[in-house]
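Asker: Here's my sequence, what's the structure:
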Amino acid sequence: MADVAAPDAEAPRRFKIYTRTGDKGTIYSSTHKGTSSLYTGERRPKDDDIFEALGTTDELSSLLGLAIDYALEAGNGLEAKLQKVQCLLQDVGSNIATPRTKASDLKLTRTQFDVDGTLVAEVEAWIDELDASLPPLTNFILPSGGKSASTLHVARTVCRRAERRVVPIVMAGMADEATGKYLNRLSDFLFTAARYAAKHENKEETIYRKTASA
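Answerer: Numbering: from 1, shown residues only. Take a look at the predicted model:
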């Protein structure tokens, strides 16, 4: 009989994909909403503004995963920036999931976001870098320019929605102002990146033209 290998003492801990903690007061009940937990331990309804914001930033990160695949396929060099953005969106989410008015000092410190503004400044530098290689924008353009560019345009619109979801939380003092500011600059970057991707592939951008009335 073959020897059975002993369990690896150094094996990484596996996290459960499901927790069942949100089943109490399930959303399938006619009288109660399901709840989810924030980083502070506070439980809120699943349709709370904070979870709407978290869900939208997660949606944006997922879409950027697709944009990265298209960037690699096209060889436009945008993948490193987009991957960094995905990581930073996790940090934005940590900040949002830790209401600033209720968290301990330790958790507030752990989840601070862009305290000195360097991340926003970095995105602005990315915008300037890409924009310098593009022809001046003289017309409104429609989302277009190939798969890579069009995916970045969709990501831009989701980013704008994420910003709209975050603004009320910031206004209520529950998230750092820098989270909204970062999403605002990020949407501008995604617009510029979409134009850059189209140019890289020599794809034509569709110009908006007013349709004559019938």
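
Asker: How many residues are close by the residue lying closest to Lys46 once chain neighbours are set aside?
Answerer: Nearest residue to Lys46, sequence neighbours excluded (CB to CB, 6 or more residues apart in numbering): Gly34, at 4.7 Å. For the C-beta atoms, the positions are set from N, CA and C on the backbone; glycine is no exception. The number of residues packed near Gly34 is 17, by other CB atoms under 10 Å.

Asker: Gly34 reaches Arg44, doesn't it?
Answerer: No. Assessed by CB atoms under 8 Å, Gly34 is found out of contact with Arg44, at 10.2 Å.

Asker: Check which helix or strand the spatially closest residue to Thr56 that is not a sequence neighbour maps to.
Answerer: Using CB to CB, 6+ apart and skipping the chain neighbours, the partner closest in space to Thr56 is Ala162 (4.3 Å). Using DSSP states H and E, Ala162 sits within helix 147-171.

Asker: For the very next helix or strand once past that helix, list the C-alpha coordinates in CSV.
Answerer: Reading on from helix 147-171 to the C-terminus, the next helix or strand found by DSSP H and E is helix 177-200. The C-alpha coordinates for helix 177-200 follow below in CSV (Å, rounded to 0.1, in the frame of the first residue of the first chain):
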residue,chain,number,x,y,z
GLU,A,177,-13.5,62.2,0.1
ALA,A,178,-10.5,60.8,-1.8
THR,A,179,-12.6,57.8,-2.8
GLY,A,180,-15.0,59.9,-4.8
LYS,A,181,-12.2,62.0,-6.2
TYR,A,182,-10.2,59.0,-7.4
LEU,A,183,-13.3,57.5,-9.2
ASN,A,184,-13.8,60.9,-10.9
ARG,A,185,-10.3,61.0,-12.2
LEU,A,186,-10.4,57.3,-13.1
SER,A,187,-13.4,57.8,-15.4
ASP,A,188,-11.4,60.5,-17.2
PHE,A,189,-8.5,58.1,-17.5
LEU,A,190,-10.7,55.3,-18.9
PHE,A,191,-12.0,57.7,-21.5
THR,A,192,-8.5,58.7,-22.6
ALA,A,193,-7.3,55.1,-22.4
ALA,A,194,-10.2,54.1,-24.8
ARG,A,195,-9.1,56.7,-27.3
TYR,A,196,-5.5,55.5,-26.9
ALA,A,197,-6.5,51.9,-27.5
ALA,A,198,-8.4,52.9,-30.7
LYS,A,199,-5.4,54.8,-32.0
HIS,A,200,-3.0,51.9,-31.2
